[in-house]
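Asks: Next comes the sequence, and after it the predicted model I'd like to discuss.
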Amino acid sequence: MKRIICIGECALDIIFEGDSPVGSMPGGRIVNAAAMLAREGMPVELASEAAADAIGDRIVAFVKDAGVDVTSVDRFTEGRTPLNIYIENASGEIDVTRYENYADEGFDIVWPRVDDETIVVFGGYYALDRRMRTRMLPFLNHCAEMGAVMVYLPGFLSQRESRITRVMPAILENLELAHLVIARSQDLSLIFGLDSGDKCYADHVDFYCRSMVNVDTACRTINYYSGKEVTHTQIPEKICTTLTWNAGVVAGVVGAIFANDIKPDALDAPGEDIRTLILTAAVKSAAAAATALTEKWQLKI
């Protein structure tokens, strides 16, 4: 049976205006993309963990209500579900402060079944942290061996790892596992020290993975790189300031792969038709995600 497995962290985003919190919602591109895909009627399973606390209850209920299968979400008792605090600084930029309390041991989940009709979405710091990766990497290797489409989302908060050299081997290993990378320019800059998505792809990604979709918010574009080919599409400016639009991009890309039964070999050298199809779906889904937000605090981040 065709299915989508999303492997990502459950956390709660809390948004401040001035000195006061104004709202909160489940955070993370992968968890939010899982919910969006499930609402579109696609079979989605979330492989994750959440503390057996009120925050964990809220996040698990959020994805479950969307239609996501949460059988592979471990509810741990030693620790707390992570919080990400978003506060606007004096320069008008958003600073993120993170609070987490994971036990030394954990991530004790029952992995979903995988076959060659499965799409696996993984990434963030979840795919780098030694505690999770020890248990995750054998599963990711199994998924690749079974012929699943592997979609990798690089990127993490800089405060979670101050020395990129510590996690670079895992990043490169993840790139090698991937059939498609969904990146953001700010993540590529943090990881590779380059502001150019073109150069990051050519110098660092193409050797490992031939397909990369990169979101360049500053240029208001989403770009699909494959070998020497690149396809661009514009993003409406009003989309780019909302909380969940990046998750919408992920949901659009993954949804297009699912709906059009795109296999790993097709992503090794995708033609203009596939690249355009995927980018069109990404922008459409990002716009839908942005439009669905109704609170003022959700529209500026």
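Replies: The structure has been received and is ready for your questions. These numbers come from a predicted model, not from an experiment.
Asks: if I've got this straight, Thr97 is in a strand?
Replies: Yes - assessed with DSSP: H, G, I helix; E, B strand; the rest coil, Thr97 lies in a strand.
Asks: so is the closest residue to it other than its chain neighbours in a helix, a strand, or just coil?
Replies: Closest residue to Thr97 apart from its sequence neighbours, by C-beta to C-beta, 6 or more residues apart in numbering: Ile85 at 4.4 Å. Backbone N, C-alpha and C define where each C-beta goes, glycine included. In three-state terms, and counting by three-state DSSP, Ile85 is strand.
Asks: quick one, what contacts Ile85?
Replies: Residues in contact with Ile85, defined by C-beta atoms under 8 Å, 6 or more residues apart in numbering, are Ile14, Phe16, Val96, Thr97, Arg98, Tyr99.
Asks: Now do the phi/psi pair for the residue nearest to Ala218 when sequence neighbours are not counted.
Replies: Excluding the flanking residues, the one nearest Ala218 by C-beta to C-beta, 6+ apart is Ser185, at 6.7 Å. Main-chain torsions, Ser185, degrees, to the nearest 10: phi -60, psi -40.
Asks: What is the burial count for Ser185?
Replies: Counted with other C-beta atoms under 10 Å, the burial measure for Ser185 works out to 20 neighbours.
Asks: Need the buried ones from the contacts of Ile85 selected in ChimeraX.
Replies: Written as a ChimeraX command, the selection of buried residues from the contacts of Ile85, which uses 16 or more other C-beta atoms under 10 Å, is:
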select :14,16
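Asks: From the contacts of Ile85, pick the one nearest Val120.
Replies: Val120 has its nearest neighbour among the contacts of Ile85 in Arg98, at 25.5 Å by C-beta to C-beta.
Asks: contacting residues for Asn101?
Replies: Listed by C-beta under 8 Å, 6+ apart, the contact partners of Asn101 are Gly79, Arg80, Pro82.
Asks: Format those as a markdown table; extra columns: pLDDT.
Replies: Formatted as a markdown table, the contacts of Asn101 follow (pLDDT from 0 to 100):
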| residue | pLDDT |
| --- | --- |
| Gly79 | 89 |
| Arg80 | 93 |
| Pro82 | 92 |
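Asks: Check those residues against Leu157 and report the nearest one.
Replies: Looking across those and measuring by C-beta to C-beta, the closest to Leu157 is Pro82, at 10.5 Å.
Asks: Could you list the low-pLDDT ranges of the stretch 151-300 of the chain?
Replies: 158-162, 299-300 (pLDDT under 70).
Asks: quick one: the helices in it?
Replies: 164-177, 185-192, 197-200, 245-259, 264-268, 272-291 (DSSP state H, counting those that start in this stretch).
Asks: How about the stretch 1-150 of the chain?
Replies: Per DSSP H, counting those that start in this stretch, the stretch 1-150 of the chain carries helices over the ranges 29-39, 54-66, 130-145.
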